[in-house]
Every structure is written in structure tokens, then in C-alpha cells.
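Participant: sequence first, then the predicted structure, then my questions.
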Amino acid sequence: MPTSPLQWVSHVTLVAAVLYAFWAGGPPERLTAGAVALAYLASPYAQLFTSLVEPQYGVLLVDAALLVVLFGLSLAFNRRWLLFATAAHGLGVLTHLAVVAERALLPRAYLSANIATAYLVLGALTFGAWRHRRRRIVNSPDLYSR
């Protein structure tokens, strides 16, 4: 359950992006939204709550799995936003690996970098769903039959 205003904003943004992608997107947007939602639901179970200074190995595994899914979707579908989302999420995974390699990294920087890359992925997903919906409206036969 969110406890801070930042957590509330993050949760509302995620839910809005996922719902919009399911409503307006095509198969790649919906598959990505489902994968992001699953990773979001799995992360709290994988998180190490006893120490924020230690690397989050469980969350690293969840994020690595999401990165593999995004990479696979990037190969399967012709969507530029998927390439951007994969690259952004890859930066988040690299942040986890940086903390594993150098434990002296500040926890605030670790958290901030992962939040920033998560927003980039959600932004790319929302943009992809918007572009798909716009293409459907512009290419609709109803538009030209009036």
C-alpha cells in the first residue's frame, strides 16, 4: 500500500498507463501493459525490506525478466516505442547491476534512477497506445465514407 505522495503518484501513473494501453493499444501495447503490470505486482514480493542499502536481488530478477519480455516484443513487433522502452528499462537493470558491483552507491540515487526509468517505460507505453489509436482512427473506413 502506498504511504507517500510519490508512491501514490507512481501507482496512479502506472495504473493509468496500463489501462490506457489495454483500451487504446494493439497487441504489442497490451502485451507490454500486461508484462509491466505483472512486474509491478511481483516486485513487492521480491523486494528486500530489511535494508535499502543492500542490492535488491529479487527486484533485479523481476526487472531482468521484464527486460527479456520487452526485448522479445521489440523483435516480434515493428514499434519504435518498444525499442525506447526496452532501452530505458535496460538502464534500470544496469542500475541494479551497478549497485551489485559498487555497494557504496547512495540508496537515494539507486531509487531515483529506477523511478526515472520506470516513468520512461510508462511514457513509451502510453505513447505507443496513443499512436496505435490514432492510426486506427485515421485509417478507419468510416472517416472516408462520410
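Facilitator: Now that the structure is in, tell me what you want to look at. Worth saying up front: this structure is predicted, and the values here are computed from it rather than measured.

Participant: on the pLDDT front, check the closest residue to residue 99 other than its chain neighbours for me.
Facilitator: Once flanking residues are discounted, residue 99 sits nearest to residue 55: 4.7 Å by Cβ to Cβ, 6 or more residues apart in numbering. Placement of C-beta: from N, CA and C, glycine included. pLDDT for residue 55: 83.

Participant: swap in residue 145?
Facilitator: pLDDT recorded at residue 145 is 41.

Participant: point out where this structure drops to low pLDDT.
Facilitator: 1-2, 52-53, 140-146 (pLDDT under 70).

Participant: helices of this structure, start to end?
Facilitator: With DSSP state H, the ranges of helices along the chain come out as 5-24, 27-46, 57-76, 80-101, 107-138, 141-144.

Participant: now tabulate those helices in CSV and tack on mean neighbour count.
Facilitator: Output for the helices of the chain, formatted as CSV (neighbours: other Cβ atoms under 10 Å):
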stretch, mean neighbour count
helix 5-24, 15
helix 27-46, 18
helix 57-76, 17
helix 80-101, 18
helix 107-138, 17
helix 141-144, 7
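
Participant: most centrally placed residue in this protein?
Facilitator: residue 121 (4.0 Å; Cα atoms, centre = their mean).

Participant: that one contacts residue 36, correct?
Facilitator: Yes. If you go by Cβ atoms under 8 Å, residue 121 and residue 36 touch, sitting 6.8 Å apart.
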